[in-house]
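Participant: quick one, what's the 3D model for this:
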Amino acid sequence: MNFLKLKDCCTIIVGQSPESKYYNTNGEGLPFFQGKADFGDLYPTIRVYCSQPTKIAEKDDILLSVRAPVGPTNLAPCRVCIGRGLTAIRPSENLLTKYLLLYFKYFEGQLQAKGTGTTFKAITQDIVKNLEIEIPSLDEQRRIVSRIEELFSQLDASVATLRKVKEQLGVYRQAVLREAFGKIESRVPLGTISISRLGKMLDKEKNSGMPRRYLRNINVRWFCFDLSDLLEMKIEDNEEEKYSIARNDLVICEGGEPGRCAVWENDETIFYQKALHRVRFTDGSNPKFYMYYLWFAAQTGQLKALFTGTGIKHLTGQSLVKIEVPNVNRETQDNLVSEIEARLSECDSIEQTIDMIINRSKAIRQAILKQEMGSLIC
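Facilitator: Reported below is the predicted structural model:
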């Protein structure tokens, strides 16, 4: 087993950024990579070219990110120009590129720890050149690479299967709502069972009164609210009822993703801006019933016919009241809401488990590298 410094077993090309006047996006010159920003799973995505390259990496050279962040790697997809955020590494004949690439991935965390700097972490070229690499025989390198690639392939196949299951969960959610709403033939315009109002126009110069927290379009998600970044606007005393949201109000997005909605279930009163509709039901309806129906109508494209605007779409107040919604009694609404939420809750639980496993795939890769390379390197 040989320990060699990187400079003794590889050709090292230190990146250098050309003058920006030589950059282009029309394919003139060589593809140019400044740093990690364009990295993919194995090869970076080509976005920019350089007509007068300074430092050049050849096809399948290892591209090591040496600053902001330190450690990630990719392979050069062809002959490319590299900026100062990258160092290209070309192994000698006794060192397989794939083995060295896996070696860097195994030591990515340790490389990151070597970074210095207050604003952007970076490693010096002396650190790169003097990294010690343990080099087994070529046959052993091939065995290690083959085993790791086999395990990675199995992991990737498992992740792909989980992503397909997530897609199927989306189809199942639509089926749940289709079953709940599809057989209800009686319809009424939303405006006949509710009163809707747009929120207050934001005008910092003209608005007066006490600063109060308010909802923006971005705060309304499907079925829930994101209250992590609420802002304040001035509300006068005589405007509180007009522009406030109370428990059981249905809040609907006017733009952005028109129709996206949630039911306010808090006792705290909050205000809302003009990008949102506040809907209050006058017939004692369960607002969640219509929240789920609007999601179903949005998913199936039924709302699109009511949108206005050529670029950015809007659901105006005039269009909102025309939406044809199912007409059933409160008891039926409550029963359907309970059934919908029970089934969607099962979907959410499965999806959370899938996301947790997918998010752990990076840690699993590191565990594979540690298992297959750790004993050799230690």
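Participant: where does the closest residue to Lys59 other than its chain neighbours land in three-state SS?
Facilitator: With C-beta to C-beta, 6 or more residues apart in numbering as the criterion, Lys59 has its nearest non-adjacent residue at 5.1 Å, and that residue is Cys78. All C-beta spots, glycine's among them, are computed from the backbone N, C-alpha and C. At Cys78 the chain is in coil, as set by DSSP: H, G, I helix; E, B strand; the rest coil.
Participant: hmm, Cys78 is touching Tyr43, no?
Facilitator: No. If you go by C-beta atoms under 8 Å, Cys78 and Tyr43 don't touch, sitting 9.2 Å apart.
Participant: can you give me the helices in this protein?
Facilitator: 6-9, 97-106, 108-113, 125-129, 138-181, 287-299, 317-320, 330-359, 361-377 (DSSP state H).
Participant: can I get those in CSV with distance to Pro189?
Facilitator: Compiled in CSV, the helices of the chain are given as follows (distance: least, C-beta to C-beta, whole Å):
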stretch, distance to Pro189
helix 6-9, 72
helix 97-106, 59
helix 108-113, 59
helix 125-129, 69
helix 138-181, 16
helix 287-299, 12
helix 317-320, 10
helix 330-359, 17
helix 361-377, 48
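Participant: return the most buried member of those.
Facilitator: helix 287-299 (a mean of 22; mean count of other C-beta atoms under 10 Å).
Participant: look up how far Glu134 lies from the residue nearest to Lys59.
Facilitator: 30 Å (C-beta to C-beta, to the nearest Å).
Participant: residues near the nearest residue to Arg142 once chain neighbours are set aside, how many?
Facilitator: The shortest distance from Arg142 to any non-neighbouring residue, by C-beta to C-beta, 6+ apart, is to Leu96 (6.9 Å). Neighbourhood size, Leu96 [other C-beta atoms under 10 Å]: 17.
Participant: neighbour count: Cys78 and Tyr43, which is higher?
Facilitator: Tyr43 (15 against 12).
Participant: now do the more buried one against Pro287, distance only.
Facilitator: Applying C-beta to C-beta to Tyr43 and Pro287 gives a distance of 50 Å.
Participant: same question for Lys206.
Facilitator: 32 Å.
Participant: I figured Pro91 hits Cys10, correct?
Facilitator: Yes. Proximity of Pro91 to Cys10 meets the contact threshold set by C-beta under 8 Å, at 5.3 Å.
Participant: what is in contact with these two at once?
Facilitator: Residues touching both Pro91 and Cys10 (C-beta atoms under 8 Å, 6 or more residues apart in numbering): Leu100.
Participant: how about low-confidence regions in the stretch 251-378 of the chain?
Facilitator: 374-378 (pLDDT under 70).
Participant: mind doing that once more with 50?
Facilitator: Applying pLDDT under 50 to the stretch 251-378 of the chain flags the ranges 378.
Participant: with the stretch 101-250 of the chain instead?
Facilitator: For the stretch 101-250 of the chain (pLDDT under 50), the answer is none.
Participant: who touches Asp41 in this structure?
Facilitator: Under the criterion of C-beta under 8 Å, 6+ apart, Asp41 has no neighbours.
Participant: look up how far Leu227 lies from it.
Facilitator: For Asp41, the distance to Leu227 - C-beta to C-beta - is 36 Å.
Participant: neighbours around the residue nearest to Leu315 when sequence neighbours are not counted, how many?
Facilitator: Nearest non-adjacent residue to Leu315, counting by C-beta to C-beta, 6+ apart: Pro258, 3.7 Å away. Residues lying near Pro258 (other C-beta under 10 Å) number 26.
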